[in-house]
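In: The amino acid sequence is not available; the structure is as follows:
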């Protein structure tokens, strides 16, 4: 007797659930990509969550009256570079660092003047920030 199976089994996977999964993944990645980059302009904002242990070779301070101090000695903005160079020569560190300790009322021009003087002397600058979120 010649009995054949009339319905040949077709080994195919069902892909109806695949469309749903791909749609959910596409939606997920679209939402994540918009949340990851909400701003067009990227800004580098200094964080104060952890301490950066930099050796304080020279501390330059600017108070709310826009007066400059190297250590506790008052100096004028025009004489920042020679006074910083003298303080660096006294310390004789291998990697000298200028720590800028600026009041909240200090203007950006004064902070940039300190950074410019340190840059001309090929020194690294660190801006001191408050570690507490106040």
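Out: Structure's in. What do you need? Because the structure is predicted, anything quoted here is derived from the model rather than measured.
In: partners of residue 62 in the sheet?
Out: residue 68, residue 102 (DSSP bridges).
In: which helices and strands does the helix or strand encompassing residue 21 pack with?
Out: In the assignment (DSSP states H and E), residue 21 maps to helix 16-36. Contacting helix 16-36 under the criterion 3 or more C-beta pairs under 8 Å, 6 or more residues apart in numbering; DSSP states H and E is no other helix or strand. C-beta here means a position set from N, CA and C on the backbone, and glycine is covered the same way.
In: For it, which residues meet the burial criterion?
Out: Within helix 16-36, no residue counts as buried by 16 or more other C-beta atoms under 10 Å.
In: where do the helices sit along this structure?
Out: 16-36, 80-91, 108-120 (DSSP state H).
In: Indicate which one of those helices is closest to residue 102.
Out: Closest to residue 102 of the helices of the chain, according to C-beta to C-beta: helix 108-120, at 5.3 Å.
In: how about the helices of the chain, which one is nearest residue 65?
Out: helix 108-120 (10.7 Å).
In: end to end, how far does stretch 90-108 reach?
Out: Stretch 90-108 has its terminal residues 28 Å apart, counting by C-alpha to C-alpha, to the nearest Å.
In: so how far is it from its chain's centroid?
Out: Here the centre of stretch 90-108 is set off from its chain's centre by 18 Å, with C-alpha atoms, centre = their mean, to the nearest Å.
In: Looking at the helices of the chain, which is nearest to residue 66?
Out: Here helix 108-120 is closest among the helices of the chain (C-beta to C-beta), at 5.8 Å.
In: Could you pull up the mean pLDDT of that closest one?
Out: The average pLDDT within helix 108-120 is 90.
In: okay, the angle between that helix and helix 80-91?
Out: If you take axes from the mean of the first three to the mean of the last three C-alpha atoms, to 10 degrees, helix 108-120 sits at 50 degrees to helix 80-91.
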